[in-house]
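Colleague: next come a sequence and a model predicted from it.
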There are 2 protein chains.
Amino acid sequence: MRYCPQCGHAVNMTIPNGDNRLRAVCPSCEHIDYDNPRVITGTIPLYKGKILLCRRNIEPRFGFWTLPAGFMENQETTSEGALRETLEESGSVAKCMQLFSMISIPHINQVHLFYLAELERDDFHATEESSEVALFDLDEIPWNELAFSSVSKTLKFFIEDKKYGTYNFHEETITLNQLSSD
Amino acid sequence: MRYCPQCGHAVNMTIPNGDNRLRAVCPSCEHIDYDNPRVITGTIPLYKGKILLCRRNIEPRFGFWTLPAGFMENQETTSEGALRETLEESGSVAKCMQLFSMISIPHINQVHLFYLAELERDDFHATEESSEVALFDLDEIPWNELAFSSVSKTLKFFIEDKKYGTYNFHEETITLNQLSSD
């Protein structure tokens, strides 16, 4: 941020009174800009024991497979956002069952949420965001072509839990070091 | 937002190509501003069966009691944020045990997270943000003086779970209608 979104004046990076972090502060109108982490919300869409994945038709990670997910928007709940993204990316109508994973990724200021979700029907299609949408058996998951670490981790947790027939909530952190050793 | 944070030009509210929501878009440098929900993260700090609450020394809800919580910051995980806020608001060092509640509040674009946490020591004090910090027995909670609905809901879930000795994860939505009927 270089200019004040309220008055257009150039901002200074400074620690406001009573704060302990650098913020963009406007010397003209005194507006303080707070930049905070964003929530990415999505689903693990299940249909008769298979998992729906989407091949990304957009950057980043164009051409790689992902669980449907995207930025949570204002005026919605985390599960509403997850279902909206599932519809937008795969053309499918799902129903959230439980929050399954919450993954903090501090170096990119994101929190990723994935819900276990059931597809109501075997009904999905390619979309503007996905060049291909398909159901995968658990032993067919394209591990080397997955788009994001949070997706790989979530799918691994799911497969592990499925062995025991009990789906737990999983909290995890992805760090820069972990990424380079993946 | 009235001015572009990248170039200072006045922005237009418009739906960008390939999008379906109004965003602040700069007609000069084409920057698109995405405004997304924020995460509030905090704890239910437990010490020998009691719960630590803080009396707010800041707006909003000055003078009311709350669980320690605040805006998640960039470069931290959800649980790191919860412990940082606990320290800032109550002077106490806690340890997160499990995520206990996640509450979407779509009309104010927030998601509130509360962790069950243990205080290591009976050591806390008033701070810049809290005029008073105290441990409460469960039958002493000042229900009529609680600052936020997400705090009341979380404390009710906790008391209910404690009866059964099993602490579950609780997901909830607070709507404007609910608030006015509280």
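Modeller: That came through fine.

Colleague: contacts and neighbour counts: CA atoms only from here.
Modeller: Fine.

Colleague: would you mind measuring from residue A:116 to chain B?
Modeller: When distance is defined by CA to the nearest CA, to the nearest Å, residue A:116 is 14 Å away from chain B.

Colleague: residues touching that residue, list them.
Modeller: By CA atoms under 8 Å, 6 or more residues apart in numbering or on different chains, the contact set of residue A:116 is A:43-46, A:96-100.

Colleague: which of those residues has the largest number of neighbours?
Modeller: Neighbour counts for these peak at residue A:43, which has 35 neighbours (criterion: other CA atoms under 10 Å in any protein chain shown).

Colleague: quick check: residue A:66 vs chain B, distance?
Modeller: 20 Å.

Colleague: count of neighbours near the closest residue to residue A:5 other than its chain neighbours?
Modeller: Once flanking residues are discounted, residue A:5 sits nearest to residue B:3: 4.5 Å by CA to CA, 6 or more residues apart in numbering or on different chains. Other residues near residue B:3 number 21, with proximity taken as other CA under 10 Å.

Colleague: which residues touch residue B:3?
Modeller: Here residue B:3 is in contact with A:3-8, B:9-11, B:26 (CA under 8 Å, 6+ apart).

Colleague: next one: residue A:64
Modeller: Going by CA under 8 Å, 6+ apart, residue A:64 touches A:55-56, A:145-147.

Colleague: in helices, which of the contacts of residue B:3 appear?
Modeller: Judged by DSSP state H, the contacts of residue B:3 include no members of helices.

Colleague: would the helix ranked longest in chain A count as contacting chain B?
Modeller: In chain A, taking DSSP H as the definition, the longest helix is helix A:149-164. No: Helix A:149-164 lies apart from chain B when judged by CA under 8 Å from any CA of the partner chain; the minimum separation is 14.1 Å.

Colleague: how about the residues of chain A by chain B?
Modeller: Applying CA under 8 Å from any CA, one finds that chain A approaches chain B through A:1-10, A:35-39, A:71-78, A:104-109, A:111, A:173.

Colleague: mark which of those residues are buried, thanks.
Modeller: Buried residues within those, counting neighbours by 16 or more other CA atoms under 10 Å in any protein chain shown: A:1-10, A:36-39, A:71-78, A:104-106, A:109, A:111, A:173.

Colleague: now do the contacts for the residue of chain A most remote from its centre.
Modeller: In chain A, residue A:28 marks the outermost C-alpha relative to the chain mean, sitting 36.9 Å out by CA atoms, centre = their mean. For residue A:28, the contact set (CA under 8 Å, 6+ apart) comprises A:7, A:9.

Colleague: list phi and psi for it.
Modeller: Residue A:28 has phi and psi values of phi -90, psi -60 when expressed as degrees, to the nearest 10.

Colleague: need the pLDDT of it.
Modeller: Note for residue A:28: predicted pLDDT of 96.

Colleague: same deal with residue A:177?
Modeller: Residue A:177 carries a pLDDT score of 76 in this model.

Colleague: and it, how far from residue A:107?
Modeller: 10 Å (CA to CA, to the nearest Å).

Colleague: for the most centrally placed residue in chain A, pull up the helix or strand it's in.
Modeller: Taking CA atoms, centre = their mean, the centroid of chain A lies closest to residue A:40, which sits 3.2 Å from it. Assessed by DSSP states H and E, residue A:40 sits inside strand A:38-47.

Colleague: what's the angle from that strand to helix A:149-164?
Modeller: 40 degrees (axes from the mean of the first three to the mean of the last three CA atoms, to 10 degrees).

Colleague: sheet-wise, list the partners of the helix or strand that strand A:38-47 is followed by with their directions.
Modeller: Downstream of strand A:38-47, the first helix or strand assigned by DSSP H and E is strand A:50-56. Applying DSSP bridges, strand A:50-56 is found paired with strand A:38-47 (antiparallel), strand A:65-66 (antiparallel), strand A:130-136 (antiparallel).
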